[in-house]
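J.: Structure for this input, please:
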Amino acid sequence: MNDKIYVLGHQNPDTDSICAAISYAELKRKQGHNAVAGRLGDLNQETEFVLDYFGVELPKLVETVKKQVSDLNVDMVPSLSPEIPVKTTWNIMRNSNVKALPVVDENEKLIGVVTLSNITEKYMDALDNHILATSQTPLQNIADTIHAEIIHGGTSDFHTTGQVMILAAEPSQLTDFIEKGDIVIAGNRPDSVVRAIELGANCVILTCCHEADQLIIDKAKEYACILMATQADTFTTARLINQSIPIGYVMTTGDIIKFDMDDFVDEVKETMMTTRFRSYPVVDHKNRVKGFISRYHVISQNKKKVILVDHNEMSQTVQGIEEAEILEIIDHHRLGDIQTGTPIFFKNEPVGCTCTIVANMYFASGIRPSLKMAGLMCSAILSDTLRFESPTCTYVDKITAEKLAEIAGIQMDGYAMQMFKAGSSLKGKTPRDILLKDFKMFELNKGKIGIGQVYTIDMECIAEIEDPVLSFMDSYCADSKFDLILLLVTDVLNKGSEVFFVGELKEIVGRAFNVQPRENRVYLPGVVSRKKQVLPNLVAALE
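T.: Numbering: from 1, shown residues only. Sure thing, here's the model as predicted:
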(Lines give C-alpha, C1' and ligand atoms only; values in the text may rest on other atoms or scores of the structure.)
Protein backbone atom coordinates (compact mmCIF):
# COMPACT_ATOMS: atom_id res chain seq x y z
CA MET A 1 0.00 0.00 0.00
CA ASN A 2 1.01 3.65 -0.20
CA ASP A 3 2.43 5.80 2.62
CA LYS A 4 0.75 5.70 6.00
CA ILE A 5 -1.82 8.43 6.63
CA TYR A 6 -2.56 9.51 10.19
CA VAL A 7 -6.17 10.51 10.89
CA LEU A 8 -6.14 12.72 13.98
CA GLY A 9 -8.69 14.58 16.06
CA HIS A 10 -7.92 17.44 18.43
CA GLN A 11 -6.08 17.62 21.72
CA ASN A 12 -8.02 16.66 24.87
CA PRO A 13 -10.19 14.45 22.66
CA ASP A 14 -13.93 14.03 23.15
CA THR A 15 -16.14 11.28 21.77
CA ASP A 16 -16.62 12.94 18.39
CA SER A 17 -12.89 13.52 17.93
CA ILE A 18 -12.00 9.90 18.63
CA CYS A 19 -14.92 8.28 16.79
CA ALA A 20 -14.46 10.53 13.76
CA ALA A 21 -10.78 9.58 13.54
CA ILE A 22 -11.49 5.85 13.83
CA SER A 23 -14.43 5.77 11.42
CA TYR A 24 -12.82 8.03 8.82
CA ALA A 25 -9.61 5.99 8.89
CA GLU A 26 -11.75 2.90 8.27
CA LEU A 27 -13.45 4.62 5.31
CA LYS A 28 -10.09 5.61 3.81
CA ARG A 29 -8.83 2.04 4.16
CA LYS A 30 -11.90 0.76 2.32
CA GLN A 31 -11.01 3.22 -0.42
CA GLY A 32 -7.50 1.78 -0.71
CA HIS A 33 -5.45 4.08 1.53
CA ASN A 34 -3.11 3.05 4.34
CA ALA A 35 -4.88 5.13 6.98
CA VAL A 36 -4.57 4.72 10.74
CA ALA A 37 -6.44 6.54 13.50
CA GLY A 38 -4.56 8.32 16.26
CA ARG A 39 -5.39 10.30 19.37
CA LEU A 40 -3.75 13.35 20.93
CA GLY A 41 -4.50 12.61 24.56
CA ASP A 42 -6.21 10.35 27.07
CA LEU A 43 -9.84 9.40 26.63
CA ASN A 44 -12.63 10.67 28.82
CA GLN A 45 -14.97 8.23 30.59
CA GLU A 46 -17.71 8.64 28.02
CA THR A 47 -15.45 7.76 25.10
CA GLU A 48 -14.03 4.80 27.00
CA PHE A 49 -17.58 3.54 27.49
CA VAL A 50 -18.32 3.87 23.76
CA LEU A 51 -15.18 1.99 22.65
CA ASP A 52 -15.76 -0.74 25.23
CA TYR A 53 -19.44 -1.06 24.28
CA PHE A 54 -18.66 -1.70 20.63
CA GLY A 55 -15.39 -3.56 21.23
CA VAL A 56 -13.17 -1.13 19.33
CA GLU A 57 -9.45 -0.89 20.03
CA LEU A 58 -8.05 2.30 21.54
CA PRO A 59 -6.26 4.42 18.88
CA LYS A 60 -2.52 4.83 19.28
CA LEU A 61 -1.31 7.97 21.04
CA VAL A 62 0.43 10.32 18.59
CA GLU A 63 2.63 12.84 20.37
CA THR A 64 4.08 14.51 17.28
CA VAL A 65 4.08 14.36 13.50
CA LYS A 66 7.53 15.87 13.20
CA LYS A 67 9.71 13.71 11.00
CA GLN A 68 11.54 11.06 13.03
CA VAL A 69 14.17 8.45 12.28
CA SER A 70 11.42 5.82 12.26
CA ASP A 71 9.99 7.60 9.19
CA LEU A 72 13.20 7.14 7.19
CA ASN A 73 13.98 4.22 4.90
CA VAL A 74 17.02 3.07 6.86
CA ASP A 75 19.54 0.73 5.26
CA MET A 76 19.05 -2.82 6.50
CA VAL A 77 22.48 -4.34 7.12
CA PRO A 78 23.57 -7.65 8.67
CA SER A 79 24.58 -7.60 12.33
CA LEU A 80 27.79 -9.42 13.26
CA SER A 81 29.00 -11.28 16.33
CA PRO A 82 32.29 -10.04 17.82
CA GLU A 83 33.97 -13.45 17.20
CA ILE A 84 33.61 -13.29 13.41
CA PRO A 85 36.99 -13.09 11.57
CA VAL A 86 38.05 -9.94 9.80
CA LYS A 87 38.20 -11.81 6.47
CA THR A 88 34.56 -12.88 6.78
CA THR A 89 33.58 -9.32 7.71
CA TRP A 90 35.41 -7.95 4.68
CA ASN A 91 33.56 -10.38 2.40
CA ILE A 92 30.19 -9.37 3.91
CA MET A 93 30.99 -5.67 3.40
CA ARG A 94 32.01 -6.27 -0.20
CA ASN A 95 28.96 -8.38 -1.01
CA SER A 96 26.60 -5.93 0.74
CA ASN A 97 28.35 -2.86 -0.69
CA VAL A 98 28.59 -1.20 2.73
CA LYS A 99 31.48 0.37 4.59
CA ALA A 100 30.26 -0.12 8.16
CA LEU A 101 28.49 -2.89 10.04
CA PRO A 102 27.09 -3.18 13.55
CA VAL A 103 28.46 -5.67 16.05
CA VAL A 104 25.97 -7.08 18.55
CA ASP A 105 25.98 -9.31 21.60
CA GLU A 106 23.98 -12.50 22.13
CA ASN A 107 20.87 -10.38 22.84
CA GLU A 108 21.19 -8.49 19.54
CA LYS A 109 22.18 -5.31 21.39
CA LEU A 110 24.71 -2.94 19.84
CA ILE A 111 28.21 -3.22 21.34
CA GLY A 112 30.33 -1.77 18.55
CA VAL A 113 30.71 -0.70 14.93
CA VAL A 114 33.30 -2.07 12.50
CA THR A 115 34.30 -0.02 9.47
CA LEU A 116 36.70 -0.50 6.56
CA SER A 117 39.10 1.92 8.22
CA ASN A 118 39.02 -0.18 11.40
CA ILE A 119 40.00 -3.24 9.41
CA THR A 120 42.79 -1.60 7.41
CA GLU A 121 44.23 0.14 10.45
CA LYS A 122 44.41 -3.02 12.55
CA TYR A 123 45.61 -5.09 9.62
CA MET A 124 48.57 -2.77 9.23
CA ASP A 125 49.19 -3.03 12.96
CA ALA A 126 49.37 -6.80 12.49
CA LEU A 127 52.96 -6.39 11.30
CA ASP A 128 54.02 -6.63 14.94
CA ASN A 129 53.43 -10.41 14.60
CA HIS A 130 51.72 -10.75 18.00
CA ILE A 131 48.22 -9.66 17.09
CA LEU A 132 46.78 -13.20 17.17
CA ALA A 133 47.60 -13.41 20.87
CA THR A 134 46.66 -9.81 21.63
CA SER A 135 43.29 -10.24 19.98
CA GLN A 136 42.71 -13.68 21.55
CA THR A 137 41.88 -15.11 18.17
CA PRO A 138 39.97 -18.42 18.43
CA LEU A 139 41.55 -21.45 16.79
CA GLN A 140 38.48 -22.03 14.66
CA ASN A 141 38.85 -18.51 13.21
CA ILE A 142 42.31 -19.44 11.95
CA ALA A 143 41.10 -22.72 10.46
CA ASP A 144 38.15 -21.05 8.73
CA THR A 145 40.22 -18.20 7.35
CA ILE A 146 42.98 -20.34 5.78
CA HIS A 147 40.55 -23.16 4.90
CA ALA A 148 42.41 -25.65 7.04
CA GLU A 149 41.42 -28.98 8.60
CA ILE A 150 42.27 -29.47 12.27
CA ILE A 151 43.98 -32.85 12.44
CA HIS A 152 44.82 -32.83 16.14
CA GLY A 153 44.03 -30.60 19.10
CA GLY A 154 41.23 -28.24 19.93
CA THR A 155 40.37 -24.85 21.36
CA SER A 156 41.05 -25.79 24.98
CA ASP A 157 44.81 -26.19 24.40
CA PHE A 158 45.28 -23.19 22.13
CA HIS A 159 47.51 -20.77 24.07
CA THR A 160 49.58 -19.04 21.43
CA THR A 161 51.98 -16.18 21.94
CA GLY A 162 50.63 -14.95 18.67
CA GLN A 163 54.03 -15.02 16.92
CA VAL A 164 53.79 -16.65 13.50
CA MET A 165 56.94 -18.30 12.06
CA ILE A 166 57.46 -19.68 8.55
CA LEU A 167 59.62 -22.79 8.78
CA ALA A 168 62.42 -22.48 6.21
CA ALA A 169 65.51 -23.71 8.11
CA GLU A 170 67.15 -27.02 8.92
CA PRO A 171 66.26 -28.66 12.27
CA SER A 172 69.62 -27.77 13.78
CA GLN A 173 69.00 -24.06 13.11
CA LEU A 174 65.59 -23.81 14.77
CA THR A 175 66.67 -23.47 18.40
CA ASP A 176 67.28 -19.74 18.05
CA PHE A 177 63.98 -19.09 16.29
CA ILE A 178 61.20 -21.25 17.72
CA GLU A 179 59.76 -20.39 21.14
CA LYS A 180 57.09 -22.00 23.22
CA GLY A 181 53.58 -21.00 22.05
CA ASP A 182 54.56 -20.04 18.51
CA ILE A 183 52.47 -20.79 15.45
CA VAL A 184 54.56 -22.48 12.77
CA ILE A 185 53.69 -22.52 9.06
CA ALA A 186 55.56 -25.19 7.12
CA GLY A 187 55.58 -27.07 3.84
CA ASN A 188 56.76 -30.66 3.31
CA ARG A 189 59.63 -30.57 5.86
CA PRO A 190 58.88 -33.39 8.37
CA ASP A 191 62.23 -33.25 10.19
CA SER A 192 62.02 -29.48 10.77
CA VAL A 193 58.35 -29.70 11.79
CA VAL A 194 59.10 -32.42 14.35
CA ARG A 195 61.92 -30.30 15.78
CA ALA A 196 59.66 -27.24 16.00
CA ILE A 197 57.11 -29.27 17.94
CA GLU A 198 59.83 -30.47 20.32
CA LEU A 199 60.89 -26.83 20.87
CA GLY A 200 57.37 -25.90 22.08
CA ALA A 201 55.40 -24.72 19.04
CA ASN A 202 51.76 -24.63 20.09
CA CYS A 203 50.29 -24.90 16.59
CA VAL A 204 51.67 -26.24 13.31
CA ILE A 205 49.99 -25.44 10.00
CA LEU A 206 51.01 -27.73 7.14
CA THR A 207 50.65 -26.08 3.73
CA CYS A 208 50.20 -27.62 0.28
CA CYS A 209 49.10 -30.64 2.26
CA HIS A 210 46.79 -33.38 1.12
CA GLU A 211 47.83 -35.86 3.82
CA ALA A 212 49.94 -35.22 6.93
CA ASP A 213 52.98 -37.39 7.63
CA GLN A 214 52.26 -39.92 10.40
CA LEU A 215 55.51 -39.01 12.14
CA ILE A 216 54.27 -35.41 12.49
CA ILE A 217 50.86 -36.55 13.73
CA ASP A 218 52.44 -38.80 16.40
CA LYS A 219 54.81 -36.04 17.54
CA ALA A 220 51.93 -33.53 17.77
CA LYS A 221 49.98 -35.93 19.98
CA GLU A 222 53.04 -36.54 22.16
CA TYR A 223 53.66 -32.82 22.76
CA ALA A 224 49.94 -31.75 22.76
CA CYS A 225 50.57 -29.56 19.74
CA ILE A 226 47.69 -28.46 17.56
CA LEU A 227 48.09 -29.70 14.03
CA MET A 228 46.16 -28.49 11.02
CA ALA A 229 46.57 -28.81 7.28
CA THR A 230 45.60 -26.63 4.36
CA GLN A 231 45.90 -27.03 0.62
CA ALA A 232 46.89 -23.35 0.30
CA ASP A 233 50.55 -22.55 -0.32
CA THR A 234 52.79 -21.11 2.38
CA PHE A 235 52.69 -17.52 1.10
CA THR A 236 48.87 -17.46 0.90
CA THR A 237 48.56 -19.02 4.34
CA ALA A 238 50.95 -16.48 5.89
CA ARG A 239 49.08 -13.62 4.17
CA LEU A 240 45.66 -14.75 5.33
CA ILE A 241 46.33 -15.85 8.89
CA ASN A 242 46.19 -12.37 10.41
CA GLN A 243 42.79 -11.87 8.78
CA SER A 244 41.46 -14.42 11.27
CA ILE A 245 41.49 -11.93 14.15
CA PRO A 246 37.96 -11.33 15.52
CA ILE A 247 36.20 -8.08 14.66
CA GLY A 248 35.59 -7.58 18.38
CA TYR A 249 39.25 -6.60 18.49
CA VAL A 250 39.15 -4.09 15.64
CA MET A 251 35.67 -2.58 16.12
CA THR A 252 34.95 0.85 17.58
CA THR A 253 33.30 0.62 20.99
CA GLY A 254 33.70 4.00 22.64
CA ASP A 255 31.77 7.19 21.78
CA ILE A 256 29.61 5.50 19.17
CA ILE A 257 27.27 8.06 17.63
CA LYS A 258 23.93 6.33 17.21
CA PHE A 259 20.33 7.42 16.82
CA ASP A 260 17.10 6.14 18.31
CA MET A 261 14.05 5.39 16.20
CA ASP A 262 12.18 8.21 17.99
CA ASP A 263 14.85 10.87 17.41
CA PHE A 264 13.75 13.86 15.34
CA VAL A 265 15.38 14.23 11.95
CA ASP A 266 16.23 17.89 12.62
CA GLU A 267 18.32 16.84 15.61
CA VAL A 268 19.95 14.07 13.59
CA LYS A 269 20.97 16.60 10.93
CA GLU A 270 22.63 18.80 13.54
CA THR A 271 24.63 15.86 14.88
CA MET A 272 25.70 14.80 11.40
CA MET A 273 26.89 18.33 10.64
CA THR A 274 29.39 18.15 13.50
CA THR A 275 30.72 14.66 12.63
CA ARG A 276 32.22 13.08 9.54
CA PHE A 277 31.13 9.45 9.60
CA ARG A 278 29.76 7.83 6.45
CA SER A 279 26.87 6.16 8.26
CA TYR A 280 25.36 5.86 11.73
CA PRO A 281 23.61 2.96 13.51
CA VAL A 282 19.93 3.23 14.39
CA VAL A 283 18.67 1.41 17.49
CA ASP A 284 15.35 0.89 19.24
CA HIS A 285 14.61 1.61 22.90
CA LYS A 286 16.34 -1.68 23.87
CA ASN A 287 19.52 -0.77 21.97
CA ARG A 288 18.80 -3.37 19.29
CA VAL A 289 20.07 -2.46 15.84
CA LYS A 290 17.39 -1.51 13.29
CA GLY A 291 19.70 -0.39 10.48
CA PHE A 292 22.06 2.38 9.37
CA ILE A 293 21.42 5.88 8.06
CA SER A 294 23.61 8.29 6.13
CA ARG A 295 23.33 11.92 5.13
CA TYR A 296 21.33 11.14 2.03
CA HIS A 297 18.58 9.63 4.18
CA VAL A 298 17.91 12.82 6.14
CA ILE A 299 17.69 15.13 3.13
CA SER A 300 14.59 13.29 1.91
CA GLN A 301 11.61 15.60 1.56
CA ASN A 302 9.05 12.95 2.53
CA LYS A 303 6.75 14.21 5.28
CA LYS A 304 4.22 12.47 7.48
CA LYS A 305 0.80 12.56 5.87
CA VAL A 306 -2.07 13.73 8.07
CA ILE A 307 -5.85 14.10 7.89
CA LEU A 308 -7.38 16.33 10.57
CA VAL A 309 -10.89 15.72 11.86
CA ASP A 310 -13.09 17.75 14.26
CA HIS A 311 -10.75 20.76 14.32
CA ASN A 312 -8.80 23.15 12.10
CA GLU A 313 -6.89 25.34 14.57
CA MET A 314 -3.16 25.24 15.32
CA SER A 315 -3.73 25.49 19.07
CA GLN A 316 -5.79 22.29 19.05
CA THR A 317 -3.81 20.11 16.70
CA VAL A 318 -0.86 17.74 16.96
CA GLN A 319 2.66 18.94 17.69
CA GLY A 320 4.81 19.35 14.58
CA ILE A 321 1.89 19.85 12.19
CA GLU A 322 3.88 22.56 10.37
CA GLU A 323 6.34 19.84 9.27
CA ALA A 324 3.64 17.40 8.10
CA GLU A 325 1.67 17.22 4.87
CA ILE A 326 -2.01 17.87 5.56
CA LEU A 327 -4.10 15.98 3.01
CA GLU A 328 -7.64 16.67 4.23
CA ILE A 329 -9.63 18.41 6.94
CA ILE A 330 -13.11 17.20 7.97
CA ASP A 331 -14.72 19.54 10.49
CA HIS A 332 -17.86 21.28 11.72
CA HIS A 333 -16.30 24.24 13.57
CA ARG A 334 -15.47 27.78 12.57
CA LEU A 335 -12.52 28.30 10.23
CA GLY A 336 -9.28 28.46 12.17
CA ASP A 337 -5.70 29.35 11.38
CA ILE A 338 -4.19 26.18 9.92
CA GLN A 339 -2.50 26.88 6.60
CA THR A 340 -1.32 24.48 3.91
CA GLY A 341 1.24 24.84 1.16
CA THR A 342 -0.96 23.25 -1.49
CA PRO A 343 -4.71 22.92 -2.08
CA ILE A 344 -6.34 20.16 -0.03
CA PHE A 345 -9.71 18.49 0.37
CA PHE A 346 -11.51 20.54 3.04
CA LYS A 347 -15.03 19.53 4.09
CA ASN A 348 -16.68 21.80 6.63
CA GLU A 349 -20.40 21.68 7.28
CA PRO A 350 -22.63 23.50 9.82
CA VAL A 351 -23.83 20.34 11.55
CA GLY A 352 -23.69 19.25 15.16
CA CYS A 353 -21.03 16.56 14.83
CA THR A 354 -18.07 15.63 12.65
CA CYS A 355 -19.28 12.03 12.55
CA THR A 356 -22.43 13.24 10.81
CA ILE A 357 -20.20 14.39 7.95
CA VAL A 358 -18.14 11.19 7.99
CA ALA A 359 -21.22 8.93 8.02
CA ASN A 360 -22.67 10.69 4.99
CA MET A 361 -19.34 10.34 3.21
CA TYR A 362 -19.75 6.58 3.73
CA PHE A 363 -23.26 6.68 2.29
CA ALA A 364 -22.25 8.92 -0.64
CA SER A 365 -19.44 6.50 -1.50
CA GLY A 366 -21.82 3.55 -1.50
CA ILE A 367 -20.01 1.98 1.45
CA ARG A 368 -22.11 0.63 4.30
CA PRO A 369 -20.38 1.20 7.65
CA SER A 370 -19.85 -1.87 9.81
CA LEU A 371 -21.87 -2.36 12.98
CA LYS A 372 -18.93 -1.09 15.05
CA MET A 373 -18.29 1.97 12.92
CA ALA A 374 -22.01 2.81 12.82
CA GLY A 375 -22.15 2.49 16.60
CA LEU A 376 -19.17 4.81 17.08
CA MET A 377 -20.54 7.48 14.75
CA CYS A 378 -24.03 7.32 16.26
CA SER A 379 -22.50 7.65 19.74
CA ALA A 380 -20.54 10.73 18.66
CA ILE A 381 -23.67 12.40 17.25
CA LEU A 382 -25.64 11.70 20.43
CA SER A 383 -22.75 13.05 22.51
CA ASP A 384 -22.08 16.23 20.50
CA THR A 385 -25.76 17.11 20.16
CA LEU A 386 -26.71 16.10 23.72
CA ARG A 387 -29.20 13.61 22.31
CA PHE A 388 -30.43 16.23 19.78
CA GLU A 389 -31.06 18.88 22.47
CA SER A 390 -28.07 21.09 21.64
CA PRO A 391 -28.66 24.19 19.51
CA THR A 392 -25.91 22.89 17.21
CA CYS A 393 -28.09 19.92 16.25
CA THR A 394 -29.54 19.89 12.74
CA TYR A 395 -32.03 17.77 10.88
CA VAL A 396 -29.11 16.11 9.10
CA ASP A 397 -27.69 15.01 12.47
CA LYS A 398 -30.99 13.40 13.45
CA ILE A 399 -31.64 11.43 10.29
CA THR A 400 -27.99 10.35 10.09
CA ALA A 401 -28.05 9.11 13.68
CA GLU A 402 -31.24 7.17 12.98
CA LYS A 403 -29.61 5.38 10.02
CA LEU A 404 -26.54 4.56 12.08
CA ALA A 405 -28.57 3.36 15.08
CA GLU A 406 -30.43 0.93 12.81
CA ILE A 407 -27.16 -0.49 11.47
CA ALA A 408 -25.64 -0.67 14.96
CA GLY A 409 -28.77 -2.21 16.46
CA ILE A 410 -29.13 0.27 19.34
CA GLN A 411 -32.11 2.11 20.83
CA MET A 412 -30.88 5.70 20.94
CA ASP A 413 -32.68 7.09 24.01
CA GLY A 414 -31.73 4.23 26.31
CA TYR A 415 -28.21 3.96 24.96
CA ALA A 416 -27.65 7.73 25.21
CA MET A 417 -28.56 7.73 28.91
CA GLN A 418 -26.12 4.86 29.54
CA MET A 419 -23.41 6.78 27.73
CA PHE A 420 -24.06 10.07 29.54
CA LYS A 421 -24.20 8.32 32.90
CA ALA A 422 -20.86 6.59 32.25
CA GLY A 423 -19.15 9.85 31.38
CA SER A 424 -20.82 12.38 33.65
CA SER A 425 -19.61 11.56 37.14
CA LEU A 426 -17.21 14.16 38.55
CA LYS A 427 -16.52 12.29 41.78
CA GLY A 428 -12.91 11.37 42.26
CA LYS A 429 -11.68 13.63 39.47
CA THR A 430 -8.96 16.17 40.14
CA PRO A 431 -9.46 19.86 39.31
CA ARG A 432 -6.95 19.40 36.51
CA ASP A 433 -8.95 16.52 35.02
CA ILE A 434 -12.19 18.48 35.24
CA LEU A 435 -10.81 21.54 33.47
CA LEU A 436 -8.49 20.00 30.88
CA LYS A 437 -10.17 16.75 29.88
CA ASP A 438 -12.10 18.57 27.14
CA PHE A 439 -10.30 21.91 26.89
CA LYS A 440 -9.85 24.07 23.81
CA MET A 441 -7.72 27.14 23.32
CA PHE A 442 -8.64 30.02 21.03
CA GLU A 443 -6.23 32.74 19.90
CA LEU A 444 -8.35 35.84 19.32
CA ASN A 445 -7.33 39.36 18.36
CA LYS A 446 -8.14 40.66 21.83
CA GLY A 447 -6.66 37.81 23.86
CA LYS A 448 -5.99 34.13 24.48
CA ILE A 449 -9.06 32.26 25.72
CA GLY A 450 -9.42 28.71 26.99
CA ILE A 451 -12.76 26.94 27.39
CA GLY A 452 -13.20 23.59 29.15
CA GLN A 453 -16.42 21.63 29.28
CA VAL A 454 -17.67 18.66 31.29
CA TYR A 455 -21.09 17.03 31.25
CA THR A 456 -22.89 15.68 34.30
CA ILE A 457 -26.25 14.48 35.50
CA ASP A 458 -25.27 15.20 39.11
CA MET A 459 -25.27 18.98 39.56
CA GLU A 460 -25.20 18.61 43.35
CA CYS A 461 -21.43 18.14 43.10
CA ILE A 462 -20.95 21.80 42.07
CA ALA A 463 -20.55 23.04 45.64
CA GLU A 464 -17.86 20.43 46.33
CA ILE A 465 -15.70 21.20 43.31
CA GLU A 466 -16.06 25.01 43.19
CA ASP A 467 -13.15 26.09 45.41
CA PRO A 468 -10.51 23.58 44.25
CA VAL A 469 -11.46 24.03 40.59
CA LEU A 470 -11.32 27.84 40.73
CA SER A 471 -8.00 27.67 42.53
CA PHE A 472 -6.54 25.45 39.82
CA MET A 473 -8.03 27.64 37.08
CA ASP A 474 -6.33 30.70 38.59
CA SER A 475 -2.90 29.06 38.64
CA TYR A 476 -3.30 27.50 35.20
CA CYS A 477 -4.44 30.81 33.73
CA ALA A 478 -1.35 32.57 35.08
CA ASP A 479 1.13 29.82 34.24
CA SER A 480 -0.14 29.35 30.67
CA LYS A 481 -0.63 33.08 30.06
CA PHE A 482 -4.36 32.99 29.28
CA ASP A 483 -6.40 36.18 29.34
CA LEU A 484 -9.61 34.29 30.14
CA ILE A 485 -10.47 30.71 31.08
CA LEU A 486 -14.00 29.33 31.34
CA LEU A 487 -15.24 25.96 32.54
CA LEU A 488 -18.73 24.83 31.54
CA VAL A 489 -20.25 22.22 33.83
CA THR A 490 -23.18 21.26 31.63
CA ASP A 491 -26.35 19.71 33.07
CA VAL A 492 -27.30 16.98 30.59
CA LEU A 493 -30.84 16.57 31.98
CA ASN A 494 -31.85 20.20 32.46
CA LYS A 495 -29.98 21.67 29.48
CA GLY A 496 -27.98 24.41 31.15
CA SER A 497 -24.43 25.10 32.29
CA GLU A 498 -22.78 26.33 35.48
CA VAL A 499 -19.88 28.45 34.27
CA PHE A 500 -16.71 29.16 36.25
CA PHE A 501 -14.37 31.84 34.90
CA VAL A 502 -11.05 33.49 35.78
CA GLY A 503 -8.59 35.86 34.11
CA GLU A 504 -8.02 39.51 33.30
CA LEU A 505 -10.89 39.54 30.78
CA LYS A 506 -13.44 37.94 33.11
CA GLU A 507 -15.58 41.10 33.16
CA ILE A 508 -16.70 40.39 29.57
CA VAL A 509 -18.60 37.26 30.71
CA GLY A 510 -21.49 39.34 32.04
CA ARG A 511 -21.70 41.37 28.82
CA ALA A 512 -21.36 38.30 26.62
CA PHE A 513 -24.42 36.62 28.16
CA ASN A 514 -26.28 39.68 29.43
CA VAL A 515 -26.18 38.46 33.04
CA GLN A 516 -24.93 39.70 36.39
CA PRO A 517 -22.60 36.94 37.59
CA ARG A 518 -21.08 36.38 40.94
CA GLU A 519 -17.34 37.02 41.12
CA ASN A 520 -16.28 33.82 39.34
CA ARG A 521 -19.46 31.85 38.64
CA VAL A 522 -22.77 32.11 36.79
CA TYR A 523 -25.53 29.71 35.73
CA LEU A 524 -26.62 29.97 32.08
CA PRO A 525 -29.91 28.19 31.39
CA GLY A 526 -30.18 26.70 27.92
CA VAL A 527 -26.45 27.13 27.23
CA VAL A 528 -24.89 23.77 26.36
CA SER A 529 -22.76 24.43 23.27
CA ARG A 530 -19.26 25.82 23.56
CA LYS A 531 -19.04 26.17 19.79
CA LYS A 532 -22.36 27.87 19.06
CA GLN A 533 -23.44 29.57 22.29
CA VAL A 534 -20.28 30.45 24.22
CA LEU A 535 -17.40 31.26 21.86
CA PRO A 536 -19.43 33.49 19.49
CA ASN A 537 -20.80 35.50 22.43
CA LEU A 538 -17.32 35.99 23.86
CA VAL A 539 -15.95 37.09 20.48
CA ALA A 540 -18.79 39.57 20.06
CA ALA A 541 -18.26 40.97 23.57
CA LEU A 542 -14.53 41.40 22.95
CA GLU A 543 -15.13 43.25 19.72
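
J.: quick one: low-confidence ranges for this protein?
T.: Low-confidence segments of the chain (pLDDT under 70): 1-2, 122-129, 155-159, 162, 301.

J.: May I ask you to name the longest helix in it?
T.: Under DSSP state H, the helix in the chain containing the largest number of residues is helix 462-479.

J.: and for that one, what are the contacting residues?
T.: Applying CB atoms under 8 Å, 6 or more residues apart in numbering, the contact partners of helix 462-479 are 426, 431-432, 434-436, 450, 482, 484-485, 487, 489, 498, 500-503, 520-521. For glycine as for every other residue, the C-beta is placed from the backbone atoms N, C-alpha and C.

J.: how does it look with 10 Å?
T.: Helix 462-479 is contacted from outside by 426-427, 429-436, 439, 448, 450, 452, 454, 456, 482-487, 489, 491, 498, 500-504, 506, 519-521, 523, using CB atoms under 10 Å, 6 or more residues apart in numbering.

J.: now, which of those residues lie within strands?
T.: In strands, defined here by DSSP state E, the members of these are 439, 448, 450, 452, 454, 456, 484-487, 489, 491, 498, 500-502, 521, 523.

J.: Of these, grab the buried ones for PyMOL.
T.: Applying 16 or more other CB atoms under 10 Å to those leaves a buried subset, and the PyMOL line that selects it is:
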select buried, resi 439+448+450+452+454+456+484+485+486+487+489+491+498+500+501+502+521+523
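
J.: still on that earlier bit, how distant is the longest helix of the chain from the center of its chain?
T.: From the chain centre to the centre of helix 462-479 is a distance of 36 Å (CA atoms, centre = their mean, to the nearest Å).

J.: can you give me the helices for the stretch 101-250 of the chain?
T.: Assigned by DSSP state H, counting those that start in this stretch, the helices in the stretch 101-250 of the chain fall at 116-125, 131-134, 139-146, 190-198, 214-222, 234-240, 247-250.

J.: dump the residue contacts of the closest residue to residue 200 other than its chain neighbours.
T.: In this structure, residue 200 finds its nearest non-sequential neighbour in residue 180, 3.2 Å apart by CB to CB, 6 or more residues apart in numbering. Neighbour list for residue 180: 159, 160, 161, 199, 200, 201, 202 [criterion: CB under 10 Å, 6+ apart].

J.: any idea how far residue 193 is from the fourth one?
T.: Residue 199 is 11 Å from residue 193, where distance means CB to CB, to the nearest Å.

J.: between these two, who's got more neighbours?
T.: Legend: neighbour count by other CB atoms under 10 Å for residue 199 and residue 193, higher for residue 193 (27 against 17).

J.: That one: what's it in contact with?
T.: Counting by CB under 10 Å, 6+ apart, residue 193 touches 167, 171, 174, 184, 186-187, 201, 204, 206, 212-213, 215-216, 219-220, 225, 227.

J.: repeat for residue 440
T.: For residue 440, the contact set (CB under 10 Å, 6+ apart) comprises 10-12, 14, 311, 313, 315-316, 333, 449-453, 530-531, 535.

J.: among those, which ones are buried?
T.: In the contacts of residue 440, burial by neighbour count holds for 10-12, 14, 311, 313, 315-316, 333, 449-453, 530-531, 535, counting by 16+ other CB under 10 Å.

J.: Excluding chain neighbours, what is closest to residue 170?
T.: Here the residue nearest residue 170, using CB to CB, 6+ apart, is residue 192, at 6.7 Å.

J.: Could you check how many residues crowd around the one you found?
T.: A count of nearby residues for residue 192, using other CB under 10 Å, gives 21.

J.: what's it in contact with, if anything?
T.: 167, 168, 169, 170, 171, 172, 173, 174, 178, 184, 186.

J.: Make CSV from those residues and add distance to residue 67 to it.
T.: Listed next are those as CSV, based on distance: CB to CB, whole Å:
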residue, distance to residue 67
167, 62
168, 63
169, 67
170, 72
171, 71
172, 74
173, 70
174, 67
178, 63
184, 59
186, 61
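
J.: just to revisit the earlier point, find residues that contact each of residue 199 and residue 193.
T.: Residues touching both residue 199 and residue 193 (CB under 10 Å, 6+ apart): 171, 174, 184.

J.: which residues of the stretch 201-350 of the chain fall in strands?
T.: For the stretch 201-350 of the chain, applying DSSP state E, counting those that start in this stretch gives strands covering 203-206, 226-230, 259-260, 280-283, 289-293, 305-309, 325-331, 345-348.

J.: now the stretch 1-150 of the chain
T.: Secondary structure of the stretch 1-150 of the chain (DSSP E, counting those that start in this stretch): strands located at 5-11, 35-40, 60-61, 100-104, 110-115, 148-152.

J.: so which of those strands gets nearest residue 540?
T.: Across the strands of the stretch 1-150 of the chain, residue 540 has its closest neighbour in strand 5-11 (23.6 Å, CB to CB).

J.: Verify the contact between residue 197 and residue 225 for me.
T.: Yes: using CB atoms under 10 Å, residue 197 is in contact with residue 225, at 4.8 Å.

J.: Now for those two: what residues contact both?
T.: 184, 203, 204, 216, 219.

J.: ok, of these, which one's closest to residue 324?
T.: Distances from residue 324 to the shared contacts of residue 197 and residue 225, taken by CB to CB, are shortest for residue 203, at 62.2 Å.

J.: Tell me what that closest one is bridged to.
T.: Using DSSP bridges, the bridge partners assigned to residue 203 are residue 183, residue 226.

J.: Contact partners for it?
T.: Residue 203 neighbours (CB under 10 Å, 6+ apart): 132, 139, 142, 150, 153, 157-160, 164, 181-185, 197, 220, 225-228.

J.: Let me see the domain layout of the protein.
T.: Domains of the chain are assigned by automatic domain parsing as 5-67+303-423, 71-123+249-298, 138-244, 431-542.
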